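Chemist: below are the sequence and a predicted model; questions follow.
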Amino acid sequence: MLPLGGSWRGECRSEPGCPWHPDENTLRLCNLGYARGACGRFPTLDGPDAVRFAIRADDGGSLRISWVMERDHHPFAHGAVEYSLDARAFSPAIDGPLLGQAQAYIASYLNRAKGRADGR
């Protein structure tokens, strides 16, 4: 299974102020994580290589999600958030690339595991 629960398209924001839409080959790297050294746009900073998500609980009204950022296949950072299906909001709030990836993961989860095409 892909880290975000499916294959996604999107805008690469690895270079601030220079958004880019990746080609199919690059998208394969992005969807798997660990593009360091394989994608010329991958940041050279000492940061994570990939993000992984897992649903800890689904009570029908909210999702409890754990996330782990990895570097060289080892934990780099981790946390947990709750997502309200009614409010479509995270608690605590998250932002940046983690927000977009978490939203993609939730959409994949709802479409795959629950068959909730309406996002609820």
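Modeler: It's in.
Chemist: can I see the domain layout of the chain?
Modeler: Domain ranges of the chain: 11-45, 48-114, per automatic domain parsing.
Chemist: tell me which of the ones you listed lies nearest to Leu4.
Modeler: Of all those, domain 48-114 sits nearest to Leu4, with 4.6 Å by C-beta to C-beta. For every residue, glycine as well, the C-beta is placed using N, CA and C.
Chemist: circling back to that earlier point, now the domains of the chain as CSV including mean pLDDT, distance to Leu2 and mean neighbour count?
Modeler: Formatted as CSV, the domains of the chain follow (pLDDT from 0 to 100; distance: least, C-beta to C-beta, whole Å; neighbours: other C-beta atoms under 10 Å):
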stretch, mean pLDDT, distance to Leu2, mean neighbour count
domain 11-45, 84, 5, 13
domain 48-114, 93, 8, 15
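Chemist: JSON lines please, covering those domains and showing distance to Leu4.
Modeler: What follows is those, written out as JSON lines (distance: least, C-beta to C-beta, whole Å):
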{"stretch": "domain 11-45", "distance to Leu4": "7"}
{"stretch": "domain 48-114", "distance to Leu4": "5"}
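Chemist: any idea how far Pro22 lies from Ile94?
Modeler: Taking C-beta to C-beta, to the nearest Å as the measure, Pro22 falls 23 Å from Ile94.
Chemist: hmm, Trp20 is touching Leu27, no?
Modeler: No - when contacts are counted by C-beta atoms under 8 Å, Trp20 is not listed as touching Leu27 (11.5 Å).
Chemist: list the contacts for Phe90?
Modeler: 81-83, 99, 102 (C-beta atoms under 8 Å, 6 or more residues apart in numbering).
Chemist: which of those residues fall within helices?
Modeler: When DSSP state H is applied, these are split such that 99, 102 fall in helices.
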